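Novice: The following comprises the amino acid sequence and a computationally predicted model.
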Amino acid sequence: MIVKTKKCQLDTNVYRKIGLKNIIKDQIWLPIAIFVGLLALNGIINIWYRNWWMFIFAFLGAGLWYAFWWIQFTGVPKLPQNQIMFEKLYYEFSSPQILIKRNEKEGMIIKWEMIKSVEKTADAFILYMGRAQFFHFPFKVFPTEHDLKMFETIMKRKNYTF
């Protein structure tokens, strides 16, 4: 059974939003640790010297962590080696593999083992390969409702839960 999609393109804003959500979900402890660590440092410094500026650094430290990742996900679409992720492509899903095609002659194969997890949102499927590598398939890229159901069946057979 093969499921084919229409040509679709990953929008850079969608990439940034999903990437940031994934990083925050994986590393929410890090900005909290930065914030709490700087507040603890402020508590220690306040024993000898009264100050308030460390409170600003605590917020700034956590904010800079978020800004770092926002800049990373903003810059990735502009790199030449990542341009293929943001081109119009179409996909063919089958039990052994995912076939990504630029046109009838150019394409590449992704094995299902490379997909770490699958998420189903209100309007799309997201197949994660890593923190910053994923495929986003809105429901509208599937030509028919039957193709959408077949795709869900393939996901269930591959033991991906969403």
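Specialist: Sure, I can see it. Numbering: from 1, shown residues only.
Novice: Could you use CA atoms for every contact and neighbour count after this?
Specialist: Will do.
Novice: is it true that N42 lies in a strand?
Specialist: No - per DSSP: H, G, I helix; E, B strand; the rest coil, N42 lies outside any strand segment and is helix.
Novice: Go ahead and confirm it touches M54.
Specialist: Yes - if you go by Cα atoms under 8 Å, N42 and M54 touch, sitting 5.7 Å apart.
Novice: Neighbour count: those two, which is higher?
Specialist: N42 (20 against 17; other Cα atoms under 10 Å).
Novice: So T74 is in contact with K17, correct?
Specialist: No - T74 lies out of contact with K17 (Cα under 8 Å); the separation is 9.8 Å.
Novice: The two: which has the busier surroundings?
Specialist: T74 (16 against 13).
Novice: check contacts around the more buried one.
Specialist: T12, R16 (Cα atoms under 8 Å, 6 or more residues apart in numbering).
Novice: what pLDDT, on average, does whichever strand or helix holds it get?
Specialist: T74 is part of helix 53-75 when elements are defined by DSSP states H and E. Per-residue pLDDT over helix 53-75 has a mean of 90.
Novice: next one: stretch 98-111
Specialist: 90.
Novice: Of all the residues in it, which ones are buried?
Specialist: I98, L99, I100, K101 (16 or more other Cα atoms under 10 Å).
Novice: With adjacent residues omitted, what lies nearest to the residue positioned nearest the centre of the chain?
Specialist: Residue closest to the average C-alpha location in the chain (Cα atoms, centre = their mean): G19, at 3.4 Å. For G19, ignoring the flanking residues on the chain, the nearest one in space by Cα to Cα, 6 or more residues apart in numbering is A132 at 5.7 Å.
Novice: thought the one you found was touching K21?
Specialist: No - shown here, A132 and K21 do not form a contact pair, counting by Cα under 8 Å, at 10.4 Å.
Novice: who has more neighbours, these two?
Specialist: Of the pair A132 and K21, A132 is the one with more neighbours under other Cα under 10 Å, namely 17 against 14.
Novice: Quick check: phi and psi at the residue of the chain positioned farthest from its centre.
Specialist: In the chain, the residue that sits farthest from the middle, by Cα atoms, centre = their mean, is W48; the gap is 45.3 Å. With angles defined as degrees, to the nearest 10, W48 sits at phi -100, psi -30.
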